[in-house]
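Please find the sequence and the predicted model below.
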Amino acid sequence: MELKHSAGGKYLIDNTKQVTIGLIERLSREYHSLTHTELIALCASLQANLAIYSLLNDIEKNLDAITELLKATGVEIEEED
């Protein structure tokens, strides 16, 4: 079963989507009054959430890349036989 069809996957995808929508709403509502640093931080959050959303929707296609990233950060991965 694909992650996006599981209950947990749907929850993660929906939550990430709602956070992204909230960031877009805040940027569109407050862009004129934000400091430069706040604007950069919100844009960085938006970029990160969009990347997570994309990753969660195509996780099976990206599984090898995810595994390599986790290994590079020192996370121990049990290989399936």
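Cool, the structure landed.

then stretch 6-21 to CSV, C-alphas only?
Provided in CSV are the C-alpha atoms of stretch 6-21 (Å, rounded to 0.1, in the frame of the first residue of the first chain):
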residue,chain,number,x,y,z
SER,A,6,-2.8,4.8,4.4
ALA,A,7,-4.5,6.6,7.3
GLY,A,8,-1.2,7.9,8.7
GLY,A,9,-0.1,9.0,5.2
LYS,A,10,-3.3,10.8,4.6
TYR,A,11,-3.0,12.6,8.0
LEU,A,12,0.6,13.7,7.2
ILE,A,13,-0.2,14.9,3.7
ASP,A,14,-3.3,16.8,4.9
ASN,A,15,-1.5,18.3,7.8
THR,A,16,1.4,19.5,5.6
LYS,A,17,-1.1,20.8,3.1
GLN,A,18,-2.9,22.8,5.8
VAL,A,19,0.4,24.3,7.2
THR,A,20,1.3,25.3,3.6
ILE,A,21,-2.0,27.0,3.0
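
Quickly find the element holding the residue nearest the centre of the chain.
In the chain, the centroid-proximal residue (Cα atoms, centre = their mean) is residue 52; its distance is 1.7 Å. Element membership for residue 52 (DSSP states H and E) is helix 36-57.

buried set for that helix?
By neighbour count on 16 or more other Cβ atoms under 10 Å, the buried set for helix 36-57 is 42, 45, 46, 49, 52, 53, 56, 57. All C-beta atoms are positioned from the backbone trio N, CA, C, and that covers glycine.

Now the third one: closest residue in space that isn't a chain neighbour?
Which is residue 46. residue 23 (4.6 Å; Cβ to Cβ, 6 or more residues apart in numbering).
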